[in-house]
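Participant: This is a predicted model, with the sequence first.
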Amino acid sequence: MVEHFAPHRYVSSALAYVAPGVDADDLDAELALAPRDLEYLAASISLASGVDIPDRDASSLRTVRQIEEYLANHRR
């Protein structure tokens with residue numbers, strides 16, 4: 001069975017772990033995360049999705065929508 005690539009699932013799951021107070025369904029809200037939390041978020045999403053998110057890219061991803069678009073554009 002082929003698994004469906006679902007960026008929102010990866011982002012919402014990682015946010016629930018790293019920043020449980022953040023609403024993953026608010027796609028355009030600025031993610032007010034400390035740099036370390038943003039690193040953890042990117043690492044968690046990378047592990048789950050298989051899409052590498054280098055630190056230089058992660059620092060520019062400030063909304064759920066931006067992260068989801070990044071995943072969609074960089075998936076293998």
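Facilitator: Yes, it's here.
Participant: just to confirm, which helix or strand has the residue nearest the centre of the chain in it?
Facilitator: In the chain, the centroid-proximal residue (CA atoms, centre = their mean) is Val11; its distance is 4.1 Å. Counting by DSSP states H and E, the element that carries Val11 is helix 7-18.
Participant: got the buried residues for that helix?
Facilitator: Neighbour-count burial for helix 7-18 flags 7, 10-15, 18 (criterion: 16 or more other CB atoms under 10 Å). Backbone N, C-alpha and C define where each C-beta goes, glycine included.
Participant: nearest to Tyr70, of the residues you listed?
Facilitator: Using CB to CB, Pro7 is the member of these that lies nearest Tyr70, at 8.4 Å.
Participant: ok so, going back, between the buried residues of helix 7-18, which sits nearest Leu61?
Facilitator: Val11 (9.8 Å).
Participant: That closest one reaches Ile67, doesn't it?
Facilitator: Yes. Contact criterion CB atoms under 8 Å: Val11 and Ile67 qualify, at 5.2 Å.
Participant: which neighbours do these two share?
Facilitator: Shared contacts of Val11 and Ile67 (CB atoms under 8 Å, 6 or more residues apart in numbering): Ile45.
Participant: Run through this protein and note the low-pLDDT ranges.
Facilitator: Within the chain, the stretches with pLDDT under 70 are 1-3.
Participant: show me what contacts the residue nearest to the centre of the chain?
Facilitator: 24, 45, 64, 67-68, 71.
Participant: what's the distance between the closest residue to Thr63 other than its chain neighbours and Ser59?
Facilitator: Residue nearest to Thr63 in three dimensions, not counting chain neighbours: Asp28, with 5.3 Å by CB to CB, 6 or more residues apart in numbering. Asp28 sits 18 Å away from Ser59, taking CB to CB, to the nearest Å as the criterion.
Participant: between those two, which one's more packed in?
Facilitator: Per other CB atoms under 10 Å, whichever of Asp28 and Ser59 has more neighbours is Ser59, with 12 against 9.
Participant: Surely the more buried one is in contact with Asp37?
Facilitator: No. Between Ser59 and Asp37 no contact is recorded; they are 11.9 Å apart, counting by CB under 8 Å.
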